[in-house]
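S.K.: Take this sequence and fold it.
(chains A and B)
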Amino acid sequence: MSSSYSYVFGQKTYTFKNLADLMAKATPKRSGDILAGVAASSSQERVIAQMRLAEVPLKTFLTQALIAYEDDEITRLIMDEHDAKAFELISHLTVGDFRNWLLNDTTTVELIKQARAGITPEMAAAVSKIMRNQDLILVAKKCPVVTAFNNTIGLENHFSTRLQPNHPTDDVRGITASILDGLLYGNGDAVIGINPATDNVEQTIKLLNVMDQIITKYEIPTQSCVLTHVTNTIEAIEQNAPVDLVFQSIGGTEATNSGFGVDLKVLKEAQDAALSLKRGKVGNNVMYFETGQGSSLSANASFGVDQQTCEARAYAVAKKFDPLLVNTVVGFIGPEYLFDGKEITRAGLEDHFCGKLLGIPMGCDICYTNHANADQNDMDNLLTLLGVAGCNFIMGIPGSDDIMLNYQTTSFHDALYTRKVLNLKPAPEFDAWLKKMEIFTNTDTFSLNNNIPSGFSKSLEKVIGLK
Amino acid sequence: MPKKKNLPLEKTTSNVVENPWSVLREFTDARIGLGRAGISLPTSHLLDFQLAHAQAQDAVHLPLDIEYVCNQIDNTSFSVNLTSKTVHKSDLQKKGHETILLHSQAVDRFMYLQRPDLGRRLNEESANLLKNIQTPEYDLAIVIVDGLSSLAIKENAVNFIDKLAQTLSKDSATWSLAPFTIVEQGRVAVGDEVGSLLKAKATLVLVGERPGLSSPDSLGLYLTWDAKVGLPDANRNCISNVRLDGLSYDEAVKKTFYLLKESRRLQLSGVNLKDRTTSDEIEQIQSEENFLLN
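M.R.: Down below sits the predicted model:
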């Protein structure tokens, strides 16, 4: 960790004090790294750092931990689970060669899969720093990650949505109205997932019951989740609540997770508890994680490591627990970490790429807040790019407006746009259900029913005031 | 047995397919039943959204009306045993108000948005002000912080404090309250510094939450036991979205009071302190039918 890196350019020798410093300075510009004081001080220094980083052998990442092995359980997780046999495929490469290898036509989906257990989050982060947006898209497309619970998520040319029916007071009718809206717009195959307004075990159980009853009555091939703290969900399971997925926000350093009030032990406990319920009809991926660049710095737990590398390290945590879904909440954290639409777009593509390369079922909450310098057009751009890159899922929310969390994410309409222009299908089990329920009149052309589907008409008759 | 044909077709006006379930908007402010042009947003809803976003962006930059909030506090007669007006009436209060005015290290909104670290700490003058006062140990410090919506503070902070004070005054245990403080350009964690300098056992931060498109005025409440600079967020309990159209003051007070009592009993706050209050709103709704289960 102590060895420095230098690069002679013209008359000038650039020196980077260690690998973490080199990585940080090689990172495409973003406000969070400037806030942390780790960013390059000029555009030229940034590119020089990228050139020097390109020369670093991948092997170096196995001997120079960015955060000390003794100090951090995530470093220990990464090092202890590293597969030396899988690494043999790429062990001769530098970071620069690794980019070429990933882009090579002969590097197939299968080959990446074979090498995967030998790739550490730091290697993925390093190579991403010297890749252009189109590289991040092209390689991510070669890394499909398929998972299953009550349906199958992440198949090639499929694109799923989390139906996010949040309500500022957890009003059950309000939540139900948003669920209905989402279903009738063909959304909700990744999960129906509620962010509760307050962290409360009792409320969690009530919301779980509401979703379970709807899913059961309409025989919807999907899963539900209340995005509460993992310890609340464990309690809910103990009280026999119908828990499909366990949610937790995670970060890439032990101290970040301690800020979230979790560690690897409690995540394992939660996974075991959810598995014991045996509720998955198609598969056993029971975890749902959210991440996002900037969470470590925000918790004062980044230790001089740039925010994108911290983020990639979080994927090692996710991977350990075989999640059904992982998404970066890319623009949620605010302009102090990702200043504008350009930085949000870049981060979204990096996170999706690193997640997929490391083998986690990556989705993205394509979003922004009202204090960031971004708008709907920025989101349209990132949405389209991620659709092309093979992103597993996005959020779906009524009219892009989350009235509980106070931010803007992708809408039910946005999801249909992406499916239509890129010809991407919902999860196959859900697709069949949409057809059966006559929500789409034609699932091939994504044509919605102009009438209220008959399966819903009886329930709606009374409440809509129709005769 | 109802028949499908008894239901009207979704109205198709020219190029827009409307959604009859848009009437469910009586249950939520969420933008449901917007209808569609093809699979896209109809023009009217597209432009409504653009306007709301423009307004929310403007709201972020509106400065807190300090004078207004101070006057509100001065003109509210909080339960007498709670405030310690006689103890701190000295040079602490600027402009003759009962409230201590503080400022974070972020000098303006531009810096505030880019440097959250500065918003979490008091500037030197403010820190010295609190250091130089002799305070007894208080049971509770209420810290008002502008955050990302000064409107939330202006509309909700004092009304909420008034109701909370009434509840606290009826408690069997006594609650000694530190002088009220207002922090400009502050973030939640600035309350840690204020609370520890005021020697408060519990600190309750009232902060303006980031404005949403439908809610530019949402107040957040953060409770911390034994606040100290640098505490992780897992040590806090949060109650969100307190405003007229969100979580009612009564509900918010009920939750806050429960958390305060439990925090005091267990001598902690955060993930190990669970909110086990029963929500009246949820109870009430449970007794009604979930329309999708009809």
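
S.K.: how many neighbours does the residue of chain A at minimum distance from chain B have?
M.R.: Nearest residue of chain A to chain B (CB to the nearest CB) works out as A:Gly399 at 2.6 Å. Placement of C-beta: from N, CA and C, glycine included. The number of residues packed near A:Gly399 is 25, by other CB atoms under 10 Å in any protein chain shown.

S.K.: where exactly do the strands run in the stretch 201-350 of chain A?
M.R.: Per DSSP state E, counting those that start in this stretch, the stretch 201-350 of chain A carries strands over the ranges A:224-226, A:246-249, A:287-291, A:325-329.

S.K.: Can you list the low-confidence ranges for the stretch 1-150 of chain B?
M.R.: Across the stretch 1-150 of chain B, the ranges flagged by pLDDT under 70 are B:1-13, B:79-97.

S.K.: Not counting its neighbours along the chain, what's nearest the closest residue to chain A within it?
M.R.: Nearest residue of the stretch 1-150 of chain B to chain A (CB to the nearest CB) works out as B:Arg31 at 2.6 Å. Distances taken as CB to CB, 6 or more residues apart in numbering or on different chains place A:Gly399 nearest to B:Arg31, at 2.6 Å, with adjacent residues excluded.

S.K.: my read: the one you found touches A:Thr409, true?
M.R.: No. The pair A:Gly399 / A:Thr409 is not scored as a contact, 10.5 Å apart, by CB atoms under 8 Å.

S.K.: if I look at the residue nearest to B:Arg31, how far off is B:Leu46?
M.R.: 10 Å (CB to CB, to the nearest Å).

S.K.: same check, this time on A:Ser41
M.R.: For A:Ser41, the distance to B:Leu46 (CB to CB) stands at 42 Å.

S.K.: near chain B, which residues of the stretch 301-450 of chain A?
M.R.: A:334-336, A:339, A:369-371, A:375-376, A:397-408, A:411, A:413, A:416-417, A:420, A:446, A:448, A:450 (CB under 8 Å from any CB of the partner chain).

S.K.: who's in contact with A:Thr94?
M.R.: A:54-58 (CB atoms under 8 Å, 6 or more residues apart in numbering or on different chains).

S.K.: Any regions of chain A where pLDDT drops low?
M.R.: By pLDDT under 70, the low-scoring segments of chain A are A:1-2, A:466-467.

S.K.: give me that answer again for 80
M.R.: Scanning chain A for pLDDT under 80 picks out A:1-2, A:198-199, A:465-467.

S.K.: ok, A:Gly465 - how many residues close by?
M.R.: For A:Gly465, using other CB under 10 Å, the count is 9.

S.K.: measure it to B:Val23 for me?
M.R.: From A:Gly465 to B:Val23 the distance is 7 Å (CB to CB).

S.K.: then stretch A:240-250 to PDB, C-alphas only?
M.R.: Extracted as PDB, the C-alpha positions of stretch A:240-250 are listed here (Å, rounded to 0.1, in the frame of the first residue of the first chain):
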ATOM      1  CA  ASN A 240     -44.600 -15.000  10.500                       C
ATOM      2  CA  ALA A 241     -45.100 -12.200   8.100                       C
ATOM      3  CA  PRO A 242     -45.100 -13.100   4.400                       C
ATOM      4  CA  VAL A 243     -41.600 -11.900   3.500                       C
ATOM      5  CA  ASP A 244     -40.400 -12.600   0.000                       C
ATOM      6  CA  LEU A 245     -37.300 -10.500  -0.200                       C
ATOM      7  CA  VAL A 246     -35.000  -9.000   2.500                       C
ATOM      8  CA  PHE A 247     -33.900  -5.500   1.700                       C
ATOM      9  CA  GLN A 248     -30.800  -3.600   2.900                       C
ATOM     10  CA  SER A 249     -28.800  -0.600   1.800                       C
ATOM     11  CA  ILE A 250     -25.100  -1.500   1.700                       C
END
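
S.K.: Indicate whether it makes contact with chain B.
M.R.: No. Counting by CB under 8 Å from any CB, chain B has no neighbours in stretch A:240-250; the shortest distance is 10.6 Å.

S.K.: Can you tell me the centre-most residue of chain A?
M.R.: A:Asn327 (1.7 Å; CA atoms, centre = their mean).

S.K.: Could you look up the SS state of the closest residue in space to that one that isn't next to it in sequence?
M.R.: Spatial nearest neighbour of A:Asn327, excluding adjacent residues (CB to CB, 6+ apart): A:Gly363 at 3.9 Å. State at A:Gly363, reduced to three classes by DSSP: H, G, I helix; E, B strand; the rest coil: strand.

S.K.: Let me know the helix or strand that residue 112 is in.
M.R.: Went with chain A since none was named. helix A:109-115 (DSSP states H and E).

S.K.: To clarify, I was referring to chain B.
M.R.: Using DSSP H and E, the element containing B:Tyr112 is helix B:109-114.

S.K.: and that helix, what does it pack onto?
M.R.: Helices and strands touching helix B:109-114, as assessed by 3 or more CB pairs under 8 Å, 6 or more residues apart in numbering or on different chains; DSSP states H and E, comprise helix B:116-119.

S.K.: near chain A, anything from the helix it packs on?
M.R.: Yes. Helix B:116-119 is in contact with chain A by CB under 8 Å from any CB, via B:116-117.

S.K.: Following element in sequence after that helix, please.
M.R.: helix B:124-131.

S.K.: Quick one: residues in contact with that following helix.
M.R.: Helix B:124-131 is contacted from outside by B:92, B:100, B:102-104, B:121-122, B:183, B:193-194, B:197-198, using CB under 8 Å, 6+ apart.

S.K.: Take those and keep only those in strands.
M.R.: B:100, B:102-103, B:183 (DSSP state E).

S.K.: I'd like to know which residues of the stretch 151-294 of chain B are adjacent to chain A.
M.R.: B:209-215, B:218, B:230, B:232-234, B:237-241, B:245-247, B:251, B:255, B:270-271, B:274-279, B:281-282, B:285-286, B:288, B:290-294.

S.K.: Three-state assignment for the residue of the stretch 151-294 of chain B found nearest chain A, please.
M.R.: Closest contact between the stretch 151-294 of chain B and chain A, by CB to the nearest CB, is at B:Gly212 (3.2 Å). Following three-state DSSP, B:Gly212 is assigned to coil.
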